[in-house]
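S.K.: Need a 3D model of the sequence below.
(3 chains)
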Amino acid sequence: MFDTPRFANRSELLGIAVLAVLLLVILPLSLDVFRLNLVAKYLTYSFVALGLVLCWGCGGILSLGQGVFFGLGGYCMAMFLKLEASSAANTKIQSTPGIPDFMDWNQLTELPFFWKPFHSLTFAIVAVLVIPAIFALIVGAAMFKRRVGGVYFAIITQAIAAILTILIVGQQGYTGGINGITDLRTLKGWDIRTDHAKFILYFVEVGCLFVCIFAAQFIRHSKLGRILVAMRDKEDRVRFSGYSVANFKIFAFCAAAVLASIGGALFTLEVGFMSPSFVGIVPSIEMVIYTAVGGRMSILGAVYGTLIVNAAKTSFSESFPQLWLLGLGALFIAVVLAFPNGLAGIWRDLIQPRLDRFSRSPKPDAQWSQPMADKAPAE
Amino acid sequence: MFGDYSLSDLGAIFAMQGFAGLILFSVFLLMALGLAIIFGQMGVINMAHGEFMILGAYVTWLTSNFFQAHLPALFGGYFFVAMVLAFFASGALGMLVEWGLIRHLYKRPLDTLLATWGLSLILQQCYRSIFGAREVGVDLPQWMLGSFQVTDAIQIPINGVFVMVLTILITCAVAYILYWSRWGRQVRAVVQNRVMAGAVGINTEKVDRYTFALGCGVAGVAGSAFTMIGSTGPTSGQLYIVDTFLVVVFGGAASLLGTIASAFTISQAQSTLEFFLSGSMAKVITLLAIVGILMLRPQGLFALKVRK
Amino acid sequence: MPIGHLQKDFLLAVEGLTVSFDGFKAVNNLSFYVDENEIRVIIGPNGAGKTTVLDLICGKTKASSGSIQFRGKELTKLKENDIVQAGIGRKFQTPSIYDDLTVFENLEISYPRGRSVFGALTFNRDSAVRERVQEVAEMVFLKDRLGMTADLLSHGQKQWLEIGMLLIQDPDLLMLDEPVAGMSVSERVKTAELLNRIIKGRSVLVIEHDMKFVEDIAHKVTVLHQGQVLAEGSMESVKANPKVVEVYLGH
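M.R.: Next up, the predicted model:
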């Protein structure tokens, strides 16, 4: 009695296995490379959604600036790829060969200092993991140590997303401006634009996703995960049980930032460019809806929510572009008013009980393992 | 950087830039006033606030078209009619939204934020379907065109002055309603202690609904005034929403005086910086400064130490 | 000579404590001392500053001036979680528990181990934790409710759960804010019995209006009025004090 699983209980393990079969077998076998690449693109957002489950769903910290971290990861990767694509041989028609084309167009004659380390893939990968963590640490420490939270935190993170977008668009000589960093070609000499490469990259990405899912499950099932939920509920009680609430919030925010950044880096690899349109206010808040649709407390729900919302977006935008914005707007309202626990809540309340009745299998652990999703979290 | 200008040129530039800042101040303040009521007094985050403002702008545009077509003789005064209509249109929509959405979410501020964001998307799409994606602008009546010639180097456009005067009047009206009217006291009573306010006979639901409607109505008037100095498109509202929230938070959410001071500071800083830097860098630096200051002083510029 | 040296024997020494909210002094130049293993009850009319005193000790409110020393350690500069780790536990007036977690998890979170971020990440629910949780749950009458989500408990059970959460911390100084308020008569009796058991081996600071309860447990009573000490001493002496009768007991 009261044994906790370190990673997942039985039903969660089953869910992970189902997801693995879906992503690793069913989708690759049933979709062409173009569609599979679309799925890959959607899945990069699910890293952000995973982070939001920890930070918003469990910890009650709503960040409306996750696009910032998605962008940081994406730009770090894009800078490396762009430098590789801008070798002196490739760019000999420019007035300054060897620098990215947009710099040349903007009359830069030398590679800016902060671009230089991105010649190294190792540095780029480390940067993807470390830069967002440091940035989140600074913002988180400044805000949470001063007990700023809730809507104020949401507004500040939103402002940061706005600032970064304006900065990227405004400094086109250094960042590629509104078009972003485009025309990325090879990774260490391996052409990432071919169908074969896209196929391989899909599986690499799914692999990364499962590593991140396990990491998130580990955090969720540790005492830290329970403290996050406790904190969302009664911040003062946690504080007066001897915990530094600020440190736990900073941790959740940093973890969400790193997850978003990994997603961004993979996005650049999969899609072949990065632009400020993934950084700003609108994409950032849209990423929140993926988590909300999946069920804000559910790690697997985040992945399904991301896939469903994006698939809907793509199919609606193709046929009825006007309807999509209405649908998205309605989704925001519906998920808040009617389905605060999202798909995971519908599954747990409507489908699972029927399955249980059908199979008559007693689930001794279900009672202890999912206690916190019973009602909409109050903020 | 000043070498190329003579002293009097420089003075004129600063005066003009200061005036541009005052117009921006008016826009910020007009938008922020509605938010100061809804967010500052009720604690509700309304991300669709910009869309309520745009509704006012569209109402003004429709009114001006109507006067042009049917009552050309009275065209000089259409704006005053439009303003009243804008107030009631946005207020009525606000009342509807409070009834259908906001009242279910008073205890979940973050969810309110998400739901009202959804509302803003829906409203934007509605505007696009009804009024088209292109920006529309109203024709100003004759008396509002032209400018005052202060010195030979300094010109002050009349429509700008008009908007500023309007801003001052609306601010005074809001201040009166919130701080000196009986109804304003009820609003504060409800905000501070809902149960007690209900117990002493205040209809808290009605107060909530009308407060929200008032905030939206003020946004509608702001949108109406906005047409005097700029054109209106379906997404114009969203452009200002973050700035406006920052204005309110920076001023200390519950303080009207703080809102005014912070709108003034931010608009002047931004328009002055715009003279020295590119527009985007001016904006970046202004926003960074606000965010930085808010990190050091999260309660905003004007906040009281309260016992929780 | 610094005051701290004089008061070395006291567990808690509050001296010259003042806090003002917008000029209103909720606690005004307050001083009192609590011994090891002493049960001290604070009484006084509403608005006397009783809860504020607890808020000041546990760090929820920052003092405008004055000092609070706990085992010679100055608390006014410490953060809330450091004050808890120094050995002070606080129960709030309204039950403050985690509604979304089970009773077991509520108690486990209060278990004094793995309080850093890394510690919480690697915290292992071993047999020591489980036994201690069971033991405390039995003390607070919740042994058969361990798997229940806390928001399903009755008001009295929630109060007990919070007391249990404090017990598991094993604080040297336990601060209770109206522990029997809002309880049914039978719950009150059980709670008094519970408190009498848990106050052994530690110092306790209680705010309570229930005079019968106060007489039962108090070693010493401090009467607060308008943020200052009106009287202090045994229950009998305080009851006989005309000033106290006038402002508080007379009503």
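
S.K.: ok, residues contacting stretch C:27-35?
M.R.: C:7, C:9-19, C:40, C:49, C:52-53, C:56, C:63, C:66, C:173, C:203, C:205, C:222, C:224, C:226-229, C:232 (CB atoms under 8 Å, 6 or more residues apart in numbering or on different chains). The way it works is simple: take the backbone N, C-alpha and C, and place the C-beta from them, glycine included.

S.K.: what do you get if the cut-off is 7 Å, keeping everything else the same?
M.R.: Contacting residues not belonging to stretch C:27-35 are listed as C:7, C:10-19, C:40, C:49, C:52-53, C:56, C:203, C:205, C:222, C:227-229, C:232 [CB atoms under 7 Å, 6 or more residues apart in numbering or on different chains].

S.K.: Could you give the number of residues near residue 196?
M.R.: Defaulting to chain A. 10 (other CB atoms under 10 Å in any protein chain shown).

S.K.: right idea, wrong chain: chain C
M.R.: 12.

S.K.: For the closest residue to chain A within the stretch 201-308 of chain B, give its distance to residue B:174.
M.R.: Nearest to chain A, among the residues of the stretch 201-308 of chain B, is residue B:280, at 3.2 Å (CB to the nearest CB). Distance from residue B:280 to residue B:174, counting by CB to CB, to the nearest Å: 32 Å.

S.K.: More neighbours: the two, which one.
M.R.: residue B:174 (21 against 16).

S.K.: Excluding chain neighbours, what is closest to that one?
M.R.: Ranked by CB to CB, 6 or more residues apart in numbering or on different chains and with sequence neighbours excluded, the top spatial neighbour of residue B:174 is residue B:33, at 5.2 Å.

S.K.: And residue C:60, by the same measure?
M.R.: Nearest residue to residue C:60 in three dimensions, chain neighbours excluded: residue C:80, at 6.6 Å (CB to CB, 6+ apart).

S.K.: Do I have it right that the one you found meets residue A:241?
M.R.: No - using CB atoms under 7 Å, residue C:80 is not in contact with residue A:241, being 9.7 Å away.

S.K.: For chain A, what lies in contact range of chain B?
M.R.: A:62, A:142-143, A:146, A:148, A:150-152, A:154-156, A:158-160, A:162-163, A:166-167, A:169-170, A:281, A:285, A:288, A:292, A:322, A:325-326, A:328-333, A:336-337, A:378-379 (CB under 7 Å from any CB of the partner chain).

S.K.: Just those residues: which are in helices?
M.R.: Counting by DSSP state H, those place A:142-143, A:150-152, A:154-156, A:158-160, A:162-163, A:166-167, A:169-170, A:281, A:285, A:288, A:292, A:322, A:325-326, A:328-333, A:336-337 in helices.

S.K.: which residues in the stretch 151-251 of chain C form helices?
M.R.: C:155-169, C:185-198, C:211-217, C:235-240, C:242-244 (DSSP state H, counting those that start in this stretch).

S.K.: most tightly surrounded among the ones you listed?
M.R.: With neighbours defined as mean count of other CB atoms under 10 Å in any protein chain shown, these peak in mean count at helix C:155-169, which reaches a mean of 23.

S.K.: wait, doesn't residue C:89 sit right on residue C:171?
M.R.: Yes - contact criterion CB under 7 Å: residue C:89 and residue C:171 qualify, at 3.4 Å.

S.K.: More neighbours: which of those two?
M.R.: With neighbours defined as other CB under 10 Å, residue C:89 and residue C:171 compare such that residue C:89 has more, 26 against 21.

S.K.: Phi and psi next, for the more buried one.
M.R.: With angles defined as degrees, to the nearest 10, residue C:89 sits at phi -120, psi 150.

S.K.: in the sheet, who's paired with it?
M.R.: Beta-bridge partners recorded for residue C:89 (DSSP bridges): residue C:174.

S.K.: Run through the residues that contact it.
M.R.: Applying CB under 7 Å, 6+ apart, the residues near residue C:89 are C:166, C:169, C:171, C:174, C:175.

S.K.: again, but for residue C:208
M.R.: Counting by CB under 7 Å, 6+ apart, residue C:208 has contacts C:41, C:43, C:178, C:180, C:214.

S.K.: Recalculate using a threshold of 10 Å.
M.R.: C:41-43, C:50, C:176-181, C:195, C:214, C:217-218, C:221 (CB atoms under 10 Å, 6 or more residues apart in numbering or on different chains).

S.K.: where's the residue of the stretch 201-308 of chain B closest to chain A relative to residue A:259, distance?
M.R.: Residue B:280 is 30 Å from residue A:259, by CB to CB.

S.K.: Can you list the low-confidence ranges for the stretch 51-200 of chain C?
M.R.: The stretch 51-200 of chain C contains no residues with pLDDT under 70.

S.K.: and what of chain A?
M.R.: A:1-7, A:359-379.

S.K.: rerun at 50
M.R.: Scanning chain A for pLDDT under 50 picks out A:362-379.

S.K.: what's the pLDDT at residue C:8?
M.R.: Note on residue C:8: pLDDT of 54.

S.K.: When residue C:80 and residue A:241 are compared, which one has more neighbours?
M.R.: Legend: neighbour count by other CB under 10 Å for residue C:80 and residue A:241, higher for residue A:241 (28 against 21).

S.K.: ok, that one - contacts?
M.R.: Contacts of residue A:241 (CB under 10 Å, 6+ apart): A:227, A:230, A:234, C:80-81, C:84, C:89-90, C:96, C:98, C:106, C:109-112, C:115, C:165-166, C:168-169.

S.K.: please redo it, this time with the cut-off set to 7 Å
M.R.: The contact partners of residue A:241, taken as CB under 7 Å, 6+ apart, are C:84, C:109, C:110, C:165, C:169.

S.K.: What of residue A:185?
M.R.: Going by CB under 7 Å, 6+ apart, residue A:185 touches A:85, A:191, A:193.

S.K.: tally of neighbours for the first one?
M.R.: By other CB under 10 Å, the residues close to residue A:85 number 18.

S.K.: That one reaches residue A:181, doesn't it?
M.R.: No - contact between residue A:85 and residue A:181 fails when scored by CB under 7 Å: they sit 9.5 Å apart.

S.K.: quick one: residue C:81 from chain B, how far?
M.R.: 18 Å (CB to the nearest CB, to the nearest Å).

S.K.: did I read that right, that residue in a helix?
M.R.: Yes - under DSSP: H, G, I helix; E, B strand; the rest coil, residue C:81 sits within a helix.

S.K.: burial count for it?
M.R.: 20.

S.K.: what do you get for the one 5 residues further on?
M.R.: Residue C:86 is surrounded by 16 other residues when neighbours are defined as other CB under 10 Å.

S.K.: Would you mind confirming that it is in contact with residue C:70?
M.R.: Yes - in this structure, residue C:86 is within contact of residue C:70 by CB under 7 Å, at 5.9 Å.

S.K.: Need the phi and psi values for residue C:32.
M.R.: Taking degrees, to the nearest 10 as the convention, residue C:32 sits at phi -160, psi 160.

S.K.: again with the one 3 residues further on
M.R.: Dihedral pair for residue C:35: phi -80, psi 170, per degrees, to the nearest 10.

S.K.: where do the strands sit along chain B?
M.R.: For chain B, the strands defined by DSSP state E occupy B:147-149, B:155-157.
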